[in-house]
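Peer 1: Sharing a model that was predicted from the sequence below.
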Amino acid sequence: MTAPQWVDQSAARMNPTTVRGAYKLSVEACKRILDAFEMGASFDVAGRFAGISARTLHQWNAQGKADIAAGLDTEYAQLANAIEIARGEAGMKYLRNIENAIPKDWRAAAYKLERMFPEYAKSSVTINNTNNNSAEAGITVSESEYDNALHSVTEVVAQIRRSSTDQSGRALDDGIPDDGYSDSTDEGV
């Protein structure tokens, strides 16, 4: 990945200590940002590696995309283009590595399949019963289905607790551990 044209020609166009806003858009920072993205770094890691915050890096990238949309060839536009290319190259490098690993390890194929088609991803659910025995179930559920099921179970536990009182209103031992996951409607039970 080559740095944007302005990075290589910066002596004529830009001093590395030039301040843009509160942070420096310097040659060194740009090179470090692109090096980080070529390795597959996040905006947070790339920013930290370049000595700036992720927020600043996002702002520079957003400014560059706005400049591109406006048809302007600014330093920010060149940086935004270079970031897209570096991130694409990193993605392709890792996809090639996964593809090369598939003949040797079926898990590489499973990994790729799960990311391409999330419906193939599996979740493991642990169910604890009142006898403190546990059972593992390899159930395929989406995250939203899991969240809905957890919410339903939490509501059932809350209902059991509300109905498990003696005549004086004291809570009876329902055999369900109080782990703080019940909803707010059963406070004080």
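Peer 2: Arrived safely.
Peer 1: Quick check: the gap between the closest residue to Gly91 other than its chain neighbours and Trp106.
Peer 2: What sits nearest to Gly91 in space, not counting adjacent residues and going by C-beta to C-beta, 6 or more residues apart in numbering, is Gly40, at 7.5 Å. Glycine gets a C-beta too; all of them are placed from N, C-alpha and C. Gly40 is 23 Å from Trp106, where distance means C-beta to C-beta, to the nearest Å.
Peer 1: for the longest helix seen in the chain, packing partners?
Peer 2: Secondary structure of the chain per DSSP state H: the longest helix is helix 75-101. Packed against helix 75-101 by the contact rule (3 or more C-beta pairs under 8 Å, 6 or more residues apart in numbering; DSSP states H and E) you find helix 5-8, helix 27-38, helix 54-69, helix 106-116.
Peer 1: Point out the most buried one among these.
Peer 2: Each of the helices and strands packed on helix 75-101 was scored by mean neighbour count; the highest is helix 27-38, a mean of 20, by mean count of other C-beta atoms under 10 Å.
Peer 1: That helix vs helix 75-101, what angle?
Peer 2: 30 degrees (axes from the mean of the first three to the mean of the last three C-alpha atoms, to 10 degrees).
Peer 1: Name the next helix or strand downstream of helix 27-38, please.
Peer 2: Heading C-terminal from helix 27-38, the first helix or strand you meet, by DSSP states H and E, is helix 43-50.
Peer 1: tell me the domain ranges of the protein?
Peer 2: 5-114, 123-186 (automatic domain parsing).
Peer 1: which regions of the chain sit below the pLDDT cut-off?
Peer 2: 1-23, 122-142, 161-189 (pLDDT under 70).
Peer 1: which residues does Ile98 contact?
Peer 2: Taking C-beta atoms under 8 Å, 6 or more residues apart in numbering, we find Ile98 in contact with Ala108, Tyr111, Lys112.
Peer 1: ok, now how distant is Val45 from Lys31?
Peer 2: In terms of C-beta to C-beta, Val45 sits 15 Å off from Lys31.
Peer 1: ditto for Ile68
Peer 2: 21 Å.
Peer 1: elements contacting the helix or strand Val156 falls within?
Peer 2: According to DSSP H and E, Val156 maps onto helix 143-163. Counting contacts by 3+ C-beta pairs under 8 Å, 6+ apart, helix 143-163 packs against strand 123-128.
Peer 1: one more time with 6 Å, if that's ok
Peer 2: Contact analysis of helix 143-163 by 3 or more C-beta pairs under 6 Å, 6 or more residues apart in numbering; DSSP states H and E lists no helix or strand as a packing neighbour.
Peer 1: What count of nearby residues applies to Lys104?
Peer 2: Neighbour count for Lys104, taken as other C-beta atoms under 10 Å: 8.
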